[in-house]
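> Prediction below, plus the sequence it came from.
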Amino acid sequence: MNHVRAALLLALVALTAAGGAPDGRVVALRENNTSALAARGRVRALTVRDRTVTRLPEAAEALLLFCRQRGVSRLFVAANNLPAPENVDASFGWSRLITGAKRLGMSVYVVLGAANWVTDSGTALTQMDALLSFNAAALPGETLDGVLIELPGLNEDLAAPTSPASAPAAGAPLTPTPALLSDPVAVQRQVEAIARAARHLAARDRSGRLRVGASVPAWMQVQITFDGETRDALRSIVDLVQFIVVHNQPNQTTDVGAAADAALAAAGPAGKSVLTRIDLAVSPRAIPALATLARRDELLLETTVSDVRARHQAAAGFGGVLLDDYVSYATLPEERSARGGGYLPGGYPSAEPITRPGF
């Protein structure tokens with residue numbers, strides 16, 4: 001099944017590359033976004049949650065071809081865990097992907113994190129040690145550039161809103177706030193888990209080159225007691241890492257630019273980078289048609305990227321955009337506006353049910 005899935009993705013990406021008359025507006029907008037980001041040293045990043053890319057050469061080939069077409073400059077590859085150096089086959093799969101990406105000028109990060117990191121510190125530390133071991137055994141050009149810590153409590157376990165949230169005033173939190181993230185004790189435990197992993201890695205990274213980041217809701221505003229001080233949770237996380245990825249779940253993805261104002265205000269003066277995540281995958285939330293850009297098209301995606309870029313182009317700390325995720329992006333049509341519904345600033349497309357290819 002994995003081979004079939006990889007072959008389908010490769011065929012889909014190759015078909016796009018081969019021709020078919022791409023939409024001129026989409027291509028022009030994408031190229032403009034990509035060049036404008038690169039001109040300021042910012043990235044157009046992509047999350048990859050398809051585990052076959054580190055197992056099957058054809059899956060890695062399809063991914064790298066897609067990245068070339070879409071101007072991707074950084075990969076965030078999700079993993080349950082990194083292989084031990086003695087696991088030659090698994091390690092080779094990762095090395096093959098990393099080498100191919102770096103030949104194209106991309107940096108590669110691993111995405112790690114699980115719910116038990118909050119309750120079992122040993123699991124998180126073991127994962128950080130595995131990252132160090134992987135890089136120590138890798139040849140030049142095969143090393144990972146860093147890790148994005150993505151804890152479910154700050155990313156996946158958020159309660160669904162009862163209605164869509166509108167774009168807030170600059171720096172204002174969106175509502176409603178999921179219960180977990182309004183509980184200072186629960187948030188404190190999430191921050192402590194990030195701290196254990198980040199500090200463990202920093203203390204043992206002899207190269208000094210591994211960058212550590214964390215994924216958090218852009219709108220999170222809660223006070224916690226951390227390291228003996230009561231302070232804003234977001235600022236505590238910013239102090240622990242080199243970069244943060246901010247998302248707007250469970251609210252509308254197209255509002256993420258406005259929601260990210262507070263995160264940029266916290267990270268910019270501290271010299272930390274902020275990547276704004278644009279969600280493309282089908283959401284488990286109550287109103288998936290509004291929560292993400294799933295079932296939409298690349299025209300709406302690039303319009304959203306353009307809006308985020310324009311809003312934050314002069315902001316200290318703005319590091320670029322992160323498109324999440326690869327399979328959802330690869331199956332996104334270039335333009336669907338002919339099927340009805342307006343685009344920004346006229347609103348969202350109509351929520352008619354559209355069948356998404358199942359991979």
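Looks like it arrived, so ask away. Numbering: from 1, shown residues only.

> which residue ranges form the helices in the stretch 251-359 of the chain?
Applying DSSP state H, counting those that start in this stretch to the stretch 251-359 of the chain gives helices spanning 256-259, 261-267, 288-291, 298-312, 326-330.

> Let me know which of these is tucked in deepest.
Stretch with highest mean neighbour count among those: helix 256-259 (a mean of 25; mean count of other Cβ atoms under 10 Å). Bear in mind the C-beta positions are built from the backbone N, C-alpha and C, glycine included.

> Mean pLDDT and distance to A214 for the helices of the stretch 251-359 of the chain - can I get that in JSON lines?
Below are these laid out as JSON lines (pLDDT from 0 to 100; distance: least, Cβ to Cβ, whole Å):
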{"stretch": "helix 256-259", "mean pLDDT": "92", "distance to A214": "17"}
{"stretch": "helix 261-267", "mean pLDDT": "92", "distance to A214": "11"}
{"stretch": "helix 288-291", "mean pLDDT": "67", "distance to A214": "21"}
{"stretch": "helix 298-312", "mean pLDDT": "95", "distance to A214": "19"}
{"stretch": "helix 326-330", "mean pLDDT": "95", "distance to A214": "21"}
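
> Those helices: which one's closest to S95?
helix 326-330 (19.3 Å; Cβ to Cβ).

> same for that closest one, what does it pack against?
When contacts are defined as 3 or more Cβ pairs under 8 Å, 6 or more residues apart in numbering; DSSP states H and E, helix 326-330 packs onto helix 2-18, strand 43-48, helix 57-70.

> If I follow the layout properly, A193 ends up in contact with A115?
No. Using Cβ atoms under 8 Å, A193 makes no contact with A115, being 9.6 Å away.

> Common neighbours of these two, please.
Common neighbours of A193 and A115 (criterion: Cβ atoms under 8 Å, 6 or more residues apart in numbering): L151.

> picking that back up, as JSON lines, the helices of the stretch 251-359 of the chain with distance to F318 would be great.
Converted to JSON lines, the helices of the stretch 251-359 of the chain look like this (distance: least, Cβ to Cβ, whole Å):
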{"stretch": "helix 256-259", "distance to F318": "10"}
{"stretch": "helix 261-267", "distance to F318": "6"}
{"stretch": "helix 288-291", "distance to F318": "23"}
{"stretch": "helix 298-312", "distance to F318": "4"}
{"stretch": "helix 326-330", "distance to F318": "21"}
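
> who wins for proximity to P85 among those?
Nearest to P85, of these and by Cβ to Cβ, is helix 326-330 at 26.5 Å.

> ok, for V147, nearest residue in space, not its chain neighbours?
V110 (5.3 Å; Cβ to Cβ, 6 or more residues apart in numbering).

> Please apply the same query to A78.
Leaving aside its chain neighbours, A78 sits nearest to V111 (4.2 Å; criterion: Cβ to Cβ, 6+ apart).

> Report the contact partners of that neighbour.
Each residue near V111 by Cβ under 8 Å, 6+ apart is listed here: T47, R49, F76, V77, A78, A79, V147, L148, E150.

> Backbone dihedrals for it, both of them.
Backbone torsions for V111, taken as degrees, to the nearest 10, come to phi -110, psi 120.

> in the sheet, who's paired with it?
Under DSSP bridges, the beta-bridge partners of V111 are A78, L148.

> May I have the predicted confidence score for it?
pLDDT recorded at V111 is 97.

> how far away is it from A186?
Distance, V111 to A186, by Cβ to Cβ, to the nearest Å: 22 Å.

> With D205 instead?
Applying Cβ to Cβ, the value for D205 to A186 is 29 Å.
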